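A.B. asks: Quick one, what's the 3D model for this:
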Amino acid sequence: MRPAARARLRGAARAARDVPDDRRRAGRHAVTAFPSPRDPRPFGAFLGCGLVWGSTFLVIQVGNDALPPLWAATLRLAIALVLLLALLAGLRVPFPRGAALRAAAAFGALNFGVNFSLLYWGETRVPSGLTAVLYATIPLTTSLFAWALRLERPSPARLVAALVALGGVALIFSGSLRGRVDPLGLAAVLGAASCAALSGVCLKLGPRQHPLGANAGGVAVGLVVCMAASALAGEPRPWPGTWAAAAPVLYLAIFGSVVAFGLYAWLVNRWSVTRISFVSVLVPVLALALGAAFRGEQLSGTEAGGAALVLGGLAFGLAVDAARGRAAR
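C.D. replies: Predicted coordinates for the structure are as follows:
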């Protein structure tokens, strides 16, 4: 073999070693870890998730005033499942099977089941501001889970970006974090955030599948978990007979579960899970922006500074991914 040919082979081998695990698995998962920056759809889906989830912590607390928390989560998932099955039938999208179903089931058990159960219960004891801060740890835990399961290599730059963004979220809610905190509620919400992080990694480990199918499979399993948790807790199961009780459930079912998690499942086919997880730090910033735009709320200097940190950490994290994408191509 000629020296030039041997040099090209050595260069190709080095490039293969340098490609992140999530890129190397592309043949198995048929995903694109580093999408083209010219395609605006993933960024639109990312922003859409953030806009919807920016309101969900508050809506969950409003709903908890009218319904028992685990029962409210059960109703939300039951309505979402009916809607998703109708969409699958109307669009002739098959329900996941085999490895795809196992990945969707793990995603649903962790995210819709354990995460929702702990989150709904924890929000009866923990203020929504602290909940947002705890959920801002998701980029860190996602990166660790992805590394432990050999899906993605840890990146110091990503960890720095996640820490900067987490600091920004903590700064935004620093005024509401004073005072005593219920330790059980704190543990429940932190456990919920950890399960949410692990759920995305489990879905990514499975084969590529239609986002509606993945969402439907996950919601079906999560519904069983939440229903069992509500029964074990001995909750009453009233029907939401008033608009005040029904509106939060309907909003969370339609927009929180069907729309936002459908977009999330679509993103899993295209982005790395660590990159997607940064939506959790964007959520509080979007919530502040919505409050300023539609309710005339004034941002304090602390909130503005925290938002700037979040956006800086987010921009740095996305820039790191873009640079890795260019190097991998």
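A.B. asks: helices or strands next to the host helix or strand of Gly200 in the packing?
C.D. replies: Counting by DSSP states H and E, the element that carries Gly200 is helix 183-205. Applying 3 or more C-beta pairs under 8 Å, 6 or more residues apart in numbering; DSSP states H and E, one finds that helix 183-205 contacts helix 98-108, helix 116-122, helix 128-135, helix 138-148, helix 211-232, helix 261-268, helix 273-277. No exception for glycine: its C-beta is placed from N, CA and C like everyone else's.
A.B. asks: Check which residues of the fourth one are buried.
C.D. replies: In this case it means helix 138-148. 138-147 (16 or more other C-beta atoms under 10 Å).
A.B. asks: so how far is it off the chain centroid?
C.D. replies: Relative to its chain's centre, helix 138-148 lies at 12 Å (C-alpha atoms, centre = their mean, to the nearest Å).
A.B. asks: circling back: would you put the C-alpha positions of the helix holding Gly200 in PDB?
C.D. replies: In PDB, the C-alpha atoms belonging to helix 183-205 read as follows (Å, rounded to 0.1, in the frame of the first residue of the first chain):
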ATOM      1  CA  PRO A 183     -37.000  17.900  52.900                       C
ATOM      2  CA  LEU A 184     -39.400  15.300  51.600                       C
ATOM      3  CA  GLY A 185     -40.700  17.600  49.000                       C
ATOM      4  CA  LEU A 186     -37.200  18.600  48.100                       C
ATOM      5  CA  ALA A 187     -36.100  15.000  47.700                       C
ATOM      6  CA  ALA A 188     -39.200  14.200  45.700                       C
ATOM      7  CA  VAL A 189     -38.700  17.000  43.100                       C
ATOM      8  CA  LEU A 190     -35.000  16.200  42.800                       C
ATOM      9  CA  GLY A 191     -35.800  12.600  42.300                       C
ATOM     10  CA  ALA A 192     -38.300  13.600  39.700                       C
ATOM     11  CA  ALA A 193     -35.700  15.700  37.800                       C
ATOM     12  CA  SER A 194     -33.300  12.800  37.900                       C
ATOM     13  CA  CYS A 195     -35.900  10.400  36.400                       C
ATOM     14  CA  ALA A 196     -36.700  12.900  33.700                       C
ATOM     15  CA  ALA A 197     -33.000  13.100  32.800                       C
ATOM     16  CA  LEU A 198     -32.600   9.300  32.700                       C
ATOM     17  CA  SER A 199     -35.800   8.900  30.600                       C
ATOM     18  CA  GLY A 200     -34.500  10.800  27.700                       C
ATOM     19  CA  VAL A 201     -31.300   8.700  27.700                       C
ATOM     20  CA  CYS A 202     -33.400   5.500  27.700                       C
ATOM     21  CA  LEU A 203     -35.400   6.700  24.700                       C
ATOM     22  CA  LYS A 204     -32.200   7.700  22.800                       C
ATOM     23  CA  LEU A 205     -30.700   4.200  23.400                       C
END
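A.B. asks: any idea of the angle that helix forms with helix 211-232?
C.D. replies: 150 degrees (axes from the mean of the first three to the mean of the last three C-alpha atoms, to 10 degrees).
A.B. asks: Redo the helices and strands packed on helix 183-205 as TSV? Include distance to Glu303.
C.D. replies: Shown next, in TSV, are those (distance: least, C-beta to C-beta, whole Å):
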stretch	distance to Glu303
helix 98-108	33
helix 116-122	24
helix 128-135	11
helix 138-148	21
helix 211-232	33
helix 261-268	26
helix 273-277	23
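A.B. asks: Which among those is found nearest to Leu290?
C.D. replies: Leu290 lies closest, by C-beta to C-beta, to one member of the helices and strands packed on helix 183-205: helix 128-135, at 13.5 Å.
A.B. asks: Remind me what that closest one packs against, helices and strands.
C.D. replies: helix 41-64, helix 156-172, helix 183-205, helix 279-295.
A.B. asks: so which of those helices gets nearest Ser272?
C.D. replies: helix 183-205 (7.9 Å).
A.B. asks: May I see the buried residues of that closest one?
C.D. replies: 185-186, 188-205.
A.B. asks: so where is the stretch 101-250 of the chain shaky, pLDDT-wise?
C.D. replies: For the stretch 101-250 of the chain, the stretches with pLDDT under 70 are 176-179.
A.B. asks: coming back round to it: tell me which of the helices and strands packed on helix 183-205 sits nearest to Val181.
C.D. replies: helix 128-135 (6.6 Å).
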